[in-house]
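Engineer: Model the following, please.
(chains A and B)
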Protein chains: 2
Amino acid sequence: MFFPWEKPRREQETGNLLADTRIRAPFHRLMTLISGTAVAEKVLEECRRDIAELAKLGKKPGLAVVLVGDDPASRAYVRSKDKKCRDLGLHSVKLELPAETTQEELLAHVETLNRDPAIHGILVQSPPPKHIDEAAIVRAIDPAKDVDGFHPINVAKLALEDSSGFVPCTPLGCQRLLVDAGIETKGANVVVVGRSMIVGKPMALLLMAKGVGGDATVTVAHSRTKDLPAICRQADIIVAAIGRPEFIKAEHVKEGAVVIDVGINRVEAPGTEKGYKLVGDVAFAEVAPKCRAITPVPGGVGPMTIAMLMANTIKACQQAGA
Amino acid sequence: MFFPWEKPRREQETGNLLADTRIRAPFHRLMTLISGTAVAEKVLEECRRDIAELAKLGKKPGLAVVLVGDDPASRAYVRSKDKKCRDLGLHSVKLELPAETTQEELLAHVETLNRDPAIHGILVQSPPPKHIDEAAIVRAIDPAKDVDGFHPINVAKLALEDSSGFVPCTPLGCQRLLVDAGIETKGANVVVVGRSMIVGKPMALLLMAKGVGGDATVTVAHSRTKDLPAICRQADIIVAAIGRPEFIKAEHVKEGAVVIDVGINRVEAPGTEKGYKLVGDVAFAEVAPKCRAITPVPGGVGPMTIAMLMANTIKACQQAGA
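Structural biologist: Sure, this is the predicted structure:
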């Protein structure tokens, strides 16, 4: 599996790894639509290769997804994760627990999964019902099985640039998109908009770490930032993780910038079949013409998140064998 | 003990806490020399108060400092920490081990200190001799006694904005200097120069966290940053943690900026009694006239680091009683 930040220093420095895919700046007027669907397929292809290798050793990566309650969006996410696992031929366990499950019951399930040698990755779908202490649940997951990368041990490993840890799937997917699109991060000015522990902070830590897909000069902006448009206009790369539909406008983006749109927002769309449509945190129509490269929504970061979950699960299985 | 980032949200939002000390922008031509010596004394005064409170409960904070080998600079640091403890009336244990101490022997000493109820803080002086795996030693320290804030659990707590953790003393001291000097960080553009886990990264995490002394728009710059002077000139606050003498020049600093100088570098000074002098990472003589406020070296961040070590040790003792 290719995780950019795990590349040995030697390869990083020669840069040969990326030479053939690197887009040259003079061509930036040819705006690139970065297809998350295509890069995700490439990641899944690597997954298939790794799964075949593991099969030769008699190993099969296993992922357990735990859902508490019956939130329809969460249920849909869990279903799609389960389906992706089965498509790849992973061992998949879907644990659907009633909304009234207690903290102790949930902890007992996590403990059982921690001990299960057929399970290499454990994910408790967020958000759980209000009576559950989510942080305590995350801490109860074996860090070696924490494929979501939210356990304190994995948070620390990211900050410490220890690549044995698991990085949250969404920022990991964003980094992979940049690398596969040939966008040089080294020395680039990146503005990450949003400071959550799910996306903003791990994204910043990943991009400022040494090595491929890192070495960027990273600014973290957020709700308290003054004159966000001016801050964003200094960016060679913008990662938008605000959670507000079409928040980043043309005025935020300098000519020739790269924009990664993490947002997935439902907005009403009367007259459509579903009555809503999905839009990102970026006002795509006005921003895209200014960009050297941009990710669409849907079909950008979304498919990468689930692909990186598969990749993390395989990594967990590989490391369990080490 | 007053750790800015531990203040309850309510106080943060009213801002009353700082109203009386806040310096108004129009006066920035009156350059303020931020005295680390004075603020450290204030912190130590708070320490004395807390120690008196703990004494009423029959408790006495204890710090163990472990030194392996006989590096003269390390020996001097350990001596000054020990002296500061004794001045305050803390229980102080100084463990001086020979350079040939093995990893296993050192781990055994750490384990003994972990179990000692009279010891609330443990610090292994860095750097240890080359045959010692420093990261493994840090991981062996009980996170509840890790007053240096380098244990993965404390790194994660900082990233997760969980104020029960310990923050590394130097960035904690820098934040306290800003707050006590009445420098508003909320919405300020801060450039941290340096991405180490000792200063740069924790400083960035602290300044971007929610609350007093935080809520800044933080940029982390480093050796791969392109056009560092231009990046720095956008900063309202610069934290220089590069480790290169007088690296930050007038061209890096915009008129009216605040500069915190973390560097402590020895440079030759022929003709002086010692033959060397201490300078910071900032070319003070040319930078200071442009600043609204600046820390000197010595007498800036240095005294704060040791004061925050005392403060962290007291916090560890208070939490051990909880």
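
Engineer: residues in the stretch 201-322 of chain A within reach of chain B, list them.
Structural biologist: When proximity is defined by Cβ under 8 Å from any Cβ of the partner chain, the stretch 201-322 of chain A lies next to chain B at A:201, A:204-205, A:208, A:215-222, A:224-226, A:231, A:234. For the C-beta atoms, the positions are set from N, CA and C on the backbone; glycine is no exception.

Engineer: Quick one, which of those are buried?
Structural biologist: A:201, A:204-205, A:208, A:215-222, A:224-225, A:231, A:234 (16 or more other Cβ atoms under 10 Å in any protein chain shown).

Engineer: quick one: which two of those are the most distant?
Structural biologist: Pairwise distances across these peak at 26.9 Å for A:Asp215 and A:Arg224 (criterion: Cβ to Cβ).

Engineer: Nearest residue to the middle of chain A?
Structural biologist: In chain A, the centroid-proximal residue (Cα atoms, centre = their mean) is A:Thr170; its distance is 1.3 Å.

Engineer: just checking, what packs against the one helix or strand that residue maps to?
Structural biologist: Taking DSSP states H and E as the criterion, A:Thr170 maps to helix A:169-180. Other helices and strands packing on helix A:169-180, by 3 or more Cβ pairs under 8 Å, 6 or more residues apart in numbering or on different chains; DSSP states H and E, are helix A:36-56, helix A:200-208, strand A:257-261, helix A:301-320.

Engineer: after it, next one along is what?
Structural biologist: Going down the chain from helix A:169-180, the next helix or strand is strand A:189-193, by DSSP H and E.

Engineer: What pLDDT is listed against A:Thr14?
Structural biologist: On pLDDT, A:Thr14 comes in at 35.

Engineer: Could you do the one 3 residues further on as well?
Structural biologist: Among the per-residue scores, A:Leu17 shows a pLDDT of 34.

Engineer: Strands along chain A, start to end?
Structural biologist: Taking DSSP state E as the test, the strands found in chain A are A:32-33, A:62-68, A:91-97, A:121-124, A:189-193, A:217-221, A:237-240, A:257-261, A:265-268, A:276-279, A:291-294.

Engineer: how about those in JSON lines, adding mean pLDDT and distance to B:Asp162?
Structural biologist: Compiled in JSON lines, the strands of chain A are given as follows (pLDDT from 0 to 100; distance: least, Cβ to Cβ, whole Å):
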{"stretch": "strand A:32-33", "mean pLDDT": "94", "distance to B:Asp162": "40"}
{"stretch": "strand A:62-68", "mean pLDDT": "97", "distance to B:Asp162": "23"}
{"stretch": "strand A:91-97", "mean pLDDT": "96", "distance to B:Asp162": "27"}
{"stretch": "strand A:121-124", "mean pLDDT": "98", "distance to B:Asp162": "19"}
{"stretch": "strand A:189-193", "mean pLDDT": "98", "distance to B:Asp162": "21"}
{"stretch": "strand A:217-221", "mean pLDDT": "98", "distance to B:Asp162": "18"}
{"stretch": "strand A:237-240", "mean pLDDT": "98", "distance to B:Asp162": "24"}
{"stretch": "strand A:257-261", "mean pLDDT": "98", "distance to B:Asp162": "28"}
{"stretch": "strand A:265-268", "mean pLDDT": "94", "distance to B:Asp162": "29"}
{"stretch": "strand A:276-279", "mean pLDDT": "94", "distance to B:Asp162": "33"}
{"stretch": "strand A:291-294", "mean pLDDT": "96", "distance to B:Asp162": "36"}
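
Engineer: Let's have the ones you listed in JSON lines, adding distance to B:Gly275.
Structural biologist: Formatted as JSON lines, the entries for those read as follows, by distance: least, Cβ to Cβ, whole Å:
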{"stretch": "strand A:32-33", "distance to B:Gly275": "59"}
{"stretch": "strand A:62-68", "distance to B:Gly275": "63"}
{"stretch": "strand A:91-97", "distance to B:Gly275": "68"}
{"stretch": "strand A:121-124", "distance to B:Gly275": "59"}
{"stretch": "strand A:189-193", "distance to B:Gly275": "42"}
{"stretch": "strand A:217-221", "distance to B:Gly275": "38"}
{"stretch": "strand A:237-240", "distance to B:Gly275": "48"}
{"stretch": "strand A:257-261", "distance to B:Gly275": "51"}
{"stretch": "strand A:265-268", "distance to B:Gly275": "64"}
{"stretch": "strand A:276-279", "distance to B:Gly275": "66"}
{"stretch": "strand A:291-294", "distance to B:Gly275": "54"}
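
Engineer: Point out the one among these that comes closest to B:Val110.
Structural biologist: strand A:121-124 (30.9 Å).

Engineer: Show me what that closest one is packed against.
Structural biologist: With contacts taken as 3+ Cβ pairs under 8 Å, 6+ apart, strand A:121-124 sits against strand A:62-68, helix A:103-115, helix A:134-140, helix A:301-320.

Engineer: So what angle separates the directions of the helix holding A:Thr170 and helix A:36-56?
Structural biologist: Angle of helix A:169-180 versus helix A:36-56, following axes from the mean of the first three to the mean of the last three Cα atoms, to 10 degrees, is 100 degrees.

Engineer: Can I get helix A:169-180 in PDB? Just the C-alpha atoms.
Structural biologist: Taking only C-alpha atoms (Å, rounded to 0.1, in the frame of the first residue of the first chain), the coordinates of helix A:169-180 have been written out as PDB:
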ATOM      1  CA  CYS A 169      -9.200   8.600   6.500                       C
ATOM      2  CA  THR A 170     -10.300  11.900   5.100                       C
ATOM      3  CA  PRO A 171      -7.100  13.900   5.400                       C
ATOM      4  CA  LEU A 172      -5.200  10.800   4.400                       C
ATOM      5  CA  GLY A 173      -7.300  10.700   1.200                       C
ATOM      6  CA  CYS A 174      -6.800  14.400   0.600                       C
ATOM      7  CA  GLN A 175      -3.000  14.000   0.800                       C
ATOM      8  CA  ARG A 176      -3.100  11.000  -1.600                       C
ATOM      9  CA  LEU A 177      -5.200  13.000  -4.100                       C
ATOM     10  CA  LEU A 178      -2.600  15.800  -4.100                       C
ATOM     11  CA  VAL A 179       0.200  13.400  -4.600                       C
ATOM     12  CA  ASP A 180      -1.500  11.400  -7.300                       C
END
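
Engineer: roughly how far is it from the heart of the chain?
Structural biologist: Going by Cα atoms, centre = their mean, to the nearest Å, the spacing between the C-alpha centre of helix A:169-180 and its chain's C-alpha centre is 6 Å.

Engineer: Check stretch A:210-222 too.
Structural biologist: On the basis of Cα atoms, centre = their mean, the separation between the geometric centre of stretch A:210-222 and that of its chain is 15 Å.

Engineer: who's in contact with the residue nearest to A:Ile231 when sequence neighbours are not counted?
Structural biologist: Distances taken as Cβ to Cβ, 6 or more residues apart in numbering or on different chains put A:Ala221 closest to A:Ile231, at 5.3 Å, once the chain neighbours are dropped. With Cβ atoms under 8 Å, 6 or more residues apart in numbering or on different chains as the criterion, the residues that contact A:Ala221 are A:Val191, A:Val192, A:Val193, A:Gly194, A:Leu228, A:Ile231, A:Cys232, B:Thr217.

Engineer: same check, this time on A:Arg75
Structural biologist: Contact analysis of A:Arg75 by Cβ under 8 Å, 6+ apart lists A:Leu67.

Engineer: Could you check how far it is from chain B?
Structural biologist: Here the distance between A:Arg75 and chain B works out to 28 Å (Cβ to the nearest Cβ, to the nearest Å).
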